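Enquirer: how would this look folded up:
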Amino acid sequence: MDELIGLLFAILLWRVLLAALFGFAIGMALAQVFPGFGAGAVATVTLLALFGGVMWHASAIAAAAPADAPKAEQQPISRPIAFLGIALVGLLVGGVYDYLLSSGPIALSVLVVSSIMLVSVGGAITKTPVYLKDLLFMVAALVAGFVVPWAIATLLG
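Expert: Below is the predicted model of the structure:
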């Protein structure tokens with residue numbers, strides 16, 4: 001039964017899997033060509049491709065939705081679920097930054113500053129307002145996702 005469920009998810013999320021595998025292959029090829037392109041850079045390329053696959057899958061699902069289906073703006077996501085999702089992004093991307101920069105505080109500051117810049121630029125491109133309350137919520141979730149594994153390791157170690 002577990003194999004069947006795994007096969008079902010692989011079929012449903014083939015775009016995400018394809019993008020992640022393609023990103024990993026590109027990262028490994030770049031690691032063979034450039035000697036300074038290490039494991040952290042390969043992980044970064046794979047994560048970026050994975051996020052691209054998620055966006056590709058989301059756009060395909062949105063395009064396939066029936067015309068009478070409610071729009072995404074009409075289906076708000078709950079704050080706790082959004083917090084957990086953003087914290088997961090903070091964990092993954094912050095971990096890659098921490099590995100690449102070899103410094104937790106610098107990685108955390110790069111994570112926060114780059115996310116604020118990306119949201120601001122995205123708001124300017126899409127011409128949607130970026131509210132300070134939502135920006136602070138995002139930064140808090142990213143920081144929590146980055147800091148919680150460190151805190152757990154400190155408490156258990």
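
Enquirer: which stretches of the chain form strands?
Expert: Here the chain has no strands by DSSP state E.

Enquirer: where does the prediction get shaky in the protein?
Expert: In the predicted model of the chain, residues 1-12, 62, 64-75 satisfy pLDDT under 70.

Enquirer: find the centremost residue of it, please.
Expert: Centroid-nearest residue in the chain, with CA atoms, centre = their mean: residue 89, separated by 4.3 Å.

Enquirer: list the contacts for that residue?
Expert: By CB atoms under 8 Å, 6 or more residues apart in numbering, the residues touching residue 89 are 142, 145. Every residue, glycine included, has its C-beta placed from N, CA and C.

Enquirer: distance check, it against residue 47.
Expert: As for residue 89, its distance to residue 47 is 9 Å (criterion: CB to CB, to the nearest Å).

Enquirer: identify the residue nearest residue 16 in space, chain neighbours excluded?
Expert: Once flanking residues are discounted, residue 16 sits nearest to residue 53: 4.0 Å by CB to CB, 6 or more residues apart in numbering.

Enquirer: need the contact list for the one you found.
Expert: 15, 16, 17, 18, 19, 20, 23.

Enquirer: let me have the residues you listed in a markdown table, adding distance to residue 119 as columns.
Expert: Listed next are the contacts of residue 53 as a markdown table, based on distance: CB to CB, whole Å:
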| residue | distance to residue 119 |
| --- | --- |
| 15 | 24 |
| 16 | 23 |
| 17 | 28 |
| 18 | 27 |
| 19 | 22 |
| 20 | 24 |
| 23 | 23 |
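
Enquirer: understood, closing this out.
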